[in-house]
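> mind looking at a prediction? Sequence and model below.
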Amino acid sequence: MDIPILKIENFLVVTIQAEMSDDEILKLQKDILSRIKEVSASGLIIDITALDVVDSFMGRTLSNIANTADLLGAKTVVVGIRPAVALTLVELGIRIKWNLNTALNLEKGIDILKRRIEM
Amino acid sequence: MSRDLNKELSLLFEGHADQLKEQWISEMKKLGFLEQVSDDEIEKQFTNLYNIAVSTFKTGKYGDAEKYARDIAQKAVLQHMAVDQIIGGMLKLRDVYQCFIFEKFKDDKRLCDLISACATVINKIVSIKALAFVEESEKEILQQQKEAMLALSIPVLQIRDEMLILPLIGIIDSARSQQIVEELLNKIAEYQASIIIIDLTGVPIIDSLVANHIIKTVQAAKMLGAETIITGISPPNAQTLVNIGVDISTLITKNNLRTGLKLADEMLQK
Amino acid sequence: MSETEKRISIKSSADIITARGVGREMAKQLGFNIVDQTKITTAISELTRNIVTYTGKGKVIIKKIHSDVDKKDGMAIICTDKGPGIESIELVLKAGYSTSNSLGLGLSGAKMLMDDFDIKSKPGEGTRVTIKKWLR
């Protein structure tokens, strides 16, 4: 399964549509990072509305993507975390890192990116 | 006297168990009570009921009947099975027994005594069952009321676009705080709120458990994309939080709801 | 095998997704709310990933349970493997808790998400983790 990476203005938008195996997640990580470099994106939005489970592996991978994207010059916003998923991640002991922003939906995600990049 | 009659009846019902049980089941079927129940299940349930009736006649003790009544009441309420299926069943069994007694003893002078002894025992079993049903459904209603109260006591108010206030009032225990967290997070998603104010003015005691839940709420809300402002922590409560080592620096706090609202408005403007 | 017990053998990361699906379905059927469903599913994910990562092969049993003492129903997940085992269980549980970057988050995470947690391990023989969640 190839997940499309869309470019909107200077941002990349990735919508995860179904549960992914570890290999698929790692491939997506690689694809996203090379695409950021390729188009010199300044922002990245990952929409995980469709995910009803985010375990520590997925959480860590998202965090890794955000960290690496930051080094490549792109800010990351994760949007659409479900309430039950957020609560589970908190119980798991996964904290939000400063470089990983979150927003309720795509529109707000883009707002956040625009503000952060202006700063 | 009635003990002897009951013993005699028990031997009689035991001796003719197959015949009477079959008659009983077929009459129940005729009445349409047993639709949607498999034959195996009918056989199992009715044998059980039948044996309880016989043993009650034999011993004069209603312990088995009570235990059975409670078990079946729990199951019946859970499955919303018709109460008349079970109560009706016992009444029908009484009819079957009494017809049988009548046939066998119609020329005996003890006929009236036997019939009345039979009715006394079965009526008592029926009332035990009815009582168990009433108790069980009351329990269920109580549970529902408790849940409704709990939901009512978590008022999440939307006061601006994208802004929610959760004024907490009263003692917060573990079950309630868990529910509060879940309710608030659902509301954040539902209203697409970006700022939450949790007002603790009405919470007399904040212990480490409540504090932990608040911190978890703030973190989870942040993951959804909402910032949380905590207002109205009383000085003694603030002292407790510091003493038990809660890191308040990770929280945005304001001393009362009014200043909290002002800050929230400023944050929304940005 | 009864409806209330499912076995899944865990060999690759695709099996993690299968186990999660089975777990979520059973949690839903038993009447767990959406938050508990998510916690149970996530705990299954953590434990089965441990199997894939550390031992490569094992199995998970997901089943309905009942407590006569507390008169309540629940769900148990039992993960077993014949891997190297764990030398110090305390250390694994603690290490995972403090450093979110270590893979040890799996065990401690599963522990935090569930009501009951039990682990038996012998170095060289394998590990068996049992977790339970009760309906509230």
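All right, it came through fine. Everything numeric here is computed off the predicted structure, so don't read it as measured data. Numbers count the residues shown, from 1 in each chain, chains lettered A, B, ... in the order given.
> residues in chain A within reach of chain C, list them.
A:19, A:21-23, A:52-57, A:60, A:82-85, A:87-88, A:91-95 (CB under 8 Å from any CB of the partner chain). From N, CA and C alone the C-beta is placed, and that goes for glycine too.
> of those, buried ones?
Buried members of these, scored by 16 or more other CB atoms under 10 Å in any protein chain shown, are A:19, A:22, A:52-57, A:60, A:82-85, A:87-88, A:91-95.
> kindly report the residues of chain B close to chain A.
B:181-182, B:185-186, B:188-189, B:192-194, B:216, B:219-226, B:270.
> beyond the helix or strand containing C:K6, next helix or strand please.
Assigned by DSSP states H and E, C:K6 belongs to strand C:5-10. On the C-terminal side of strand C:5-10, the closest following helix or strand by DSSP H and E is helix C:13-30.
> now that next one: average pLDDT?
Model confidence over helix C:13-30, given as mean pLDDT, is 94.
> just the angle between that helix and strand C:5-10, please?
Angle, helix C:13-30 to strand C:5-10, by axes from the mean of the first three to the mean of the last three CA atoms, to 10 degrees: 160 degrees.
> up against chain C, what does the stretch 51-200 of chain B have?
Checking the stretch 51-200 of chain B against chain C by CB under 8 Å from any CB, the hits are B:175, B:182.
> ok, now with 7 Å
B:E182 (CB under 7 Å from any CB of the partner chain).
> residues touching the closest residue in space to C:V52 that isn't next to it in sequence, list them.
Leaving aside its sequence neighbours, C:V52 sits nearest to C:S13 (CB to CB, 6 or more residues apart in numbering or on different chains; 5.6 Å). Neighbouring residues of C:S13 by CB atoms under 7 Å, 6 or more residues apart in numbering or on different chains: A:21-23, C:52.
> count the residues that sit near the nearest residue to A:I8 once chain neighbours are set aside.
Among residues not flanking A:I8 along the chain, A:I110 sits closest, at 7.6 Å (CB to CB, 6+ apart). Neighbour count for A:I110, taken as other CB atoms under 10 Å in any protein chain shown: 19.
> could you report the distance from A:I110 to B:L268?
18 Å (CB to CB, to the nearest Å).
> which strand residues bridge A:T76?
Taking DSSP bridges as the rule, A:T76 bridges to A:L44, A:L100.
> quick one, what contacts it?
Neighbours of A:T76 in contact, by CB under 7 Å, 6+ apart: A:44, A:46, A:65-66, A:69, A:100-101.
> drop anything exposed from these.
By neighbour count, with 16+ other CB under 10 Å, the contacts of A:T76 hold A:44, A:46, A:65-66, A:69, A:100-101 as buried.
> just those now: which is nearest chain C?
For the buried ones among the contacts of A:T76, the minimum distance to chain C (CB to the nearest CB) is 12.2 Å, reached by A:L100.
> and for B:C112, the neighbour number?
10.
> can you give me the helices for chain A?
Using DSSP state H, the helices assigned to chain A run over residues A:22-39, A:56-71, A:83-92, A:106-118.
> what's the weakest-modelled helix or strand in chain A?
strand A:100-103 (a mean of 84; mean pLDDT, DSSP states H and E).
> contacts for that strand?
Contacts for strand A:100-103 (CB under 7 Å, 6+ apart): A:62-63, A:66, A:76-79, A:81, A:96, A:109, A:112, B:222-225.
> next helix or strand past the helix or strand where B:P167 lies?
For B:P167, the enclosing helix or strand under DSSP H and E is strand B:163-169. For strand B:163-169, the succeeding helix or strand toward the C-terminus, using DSSP H and E, is helix B:174-191.
> what angle do that next one and strand B:163-169 make?
160 degrees.
> report the buried residues of helix B:174-191.
Quick answer for helix B:174-191 (16+ other CB under 10 Å): B:176-189, B:191.
> report all helices and strands that that helix contacts.
helix A:83-92, strand B:163-169, helix B:208-224 (3 or more CB pairs under 7 Å, 6 or more residues apart in numbering or on different chains; DSSP states H and E).
> deepest-packed of those, please.
Stretch with highest mean neighbour count among the helices and strands packed on helix B:174-191: helix A:83-92 (a mean of 25; mean count of other CB atoms under 10 Å in any protein chain shown).
> show the average pLDDT along it.
Confidence for helix A:83-92, expressed as mean pLDDT, is 91.
> repeat for stretch C:67-82
When pLDDT is averaged over stretch C:67-82, the result is 91.
> what of stretch C:111-118?
pLDDT averaged over stretch C:111-118 gives 92.
> do that stretch and chain B meet?
No. Looking at stretch C:111-118 against chain B by CB under 7 Å from any CB, there are no contacts, and the closest approach is 11.0 Å.
> quick check: end-to-end length of that stretch?
9 Å (CA to CA, to the nearest Å).
> how about that stretch, does it reach chain A?
Yes. Using CB under 7 Å from any CB, we find that stretch C:111-118 touches chain A at C:112-113.
> residues in contact with that stretch?
Taking CB under 7 Å, 6+ apart as the rule, stretch C:111-118 contacts A:88, A:91-93, C:39, C:42-43, C:93, C:110, C:130-134.
> ditto for stretch C:22-39
Outside stretch C:22-39, the residues touching it (CB under 7 Å, 6+ apart) are A:52-53, A:84-85, A:87-88, A:91, B:182, C:6, C:8, C:40-41, C:44, C:62, C:64, C:73, C:75, C:77, C:113, C:133, C:135.
> now swap in stretch C:129-136 and tell me
C:30-32, C:36, C:40, C:43, C:47, C:65, C:72-79, C:110, C:114-119.
> looking at the residues you listed, which are in helices?
Per DSSP H, the contacts of stretch C:129-136 map to helices at C:30, C:36, C:40, C:43, C:47, C:110.
> tally up the residues packed near the third one, please.
By other CB under 10 Å, the residues close to C:I40 number 30.
> the closest residue to it other than its chain neighbours: how many residues sit nearby?
Spatial nearest neighbour of C:I40, excluding adjacent residues (CB to CB, 6+ apart): C:A27 at 4.7 Å. Neighbours of C:A27 under the rule other CB under 10 Å: 23.
> can you check B:L261 too?
20.
> secondary structure class for B:S116?
Following DSSP: H, G, I helix; E, B strand; the rest coil, the label given to B:S116 is helix.
> how far away is it from A:A50?
Using CB to CB, one gets 71 Å for the distance from B:S116 to A:A50.
> do B:A65 as well
From B:A65 to A:A50 the distance is 55 Å (CB to CB).
> these two - which one has more neighbours?
With neighbours defined as other CB under 10 Å, B:A65 and A:A50 compare such that B:A65 has more, 22 against 12.
> isn't the more buried one right up against B:N123?
No. In this structure, B:A65 is not within contact of B:N123 by CB atoms under 7 Å, at 11.7 Å.
> tally up the residues packed near the nearest residue to A:R115 once chain neighbours are set aside, please.
Among residues not flanking A:R115 along the chain, B:K270 sits closest, at 7.9 Å (CB to CB, 6+ apart). Using other CB under 10 Å, B:K270 has 5 neighbouring residues.
> name the element B:E103 belongs to?
helix B:83-105.
> output the below-cut-off pLDDT ranges for the stretch 1-150 of chain B.
Counting by pLDDT under 70, the stretch 1-150 of chain B shows low-confidence ranges at B:1-2, B:76-84, B:147-150.
> tell me where it has helices.
B:2-15, B:17-30, B:39-59, B:63-79, B:83-105, B:111-152 (DSSP state H, counting those that start in this stretch).
> tell me the angle the longest one makes with helix B:174-191.
Between helix B:111-152 and helix B:174-191, the angle formed by their directions is 60 degrees, by the same axes, to 10 degrees.
> give the other helices and strands that helix B:111-152 contacts.
helix B:2-15, helix B:39-59, helix B:63-79, helix B:83-105.
> quick one, that helix and helix B:39-59 angle?
Using the same axes, to 10 degrees: helix B:111-152 against helix B:39-59 is 120 degrees.
> distance from the chain centre to helix B:111-152, please.
Distance, stretch centre to chain centre, for helix B:111-152: 15 Å (CA atoms, centre = their mean, to the nearest Å).
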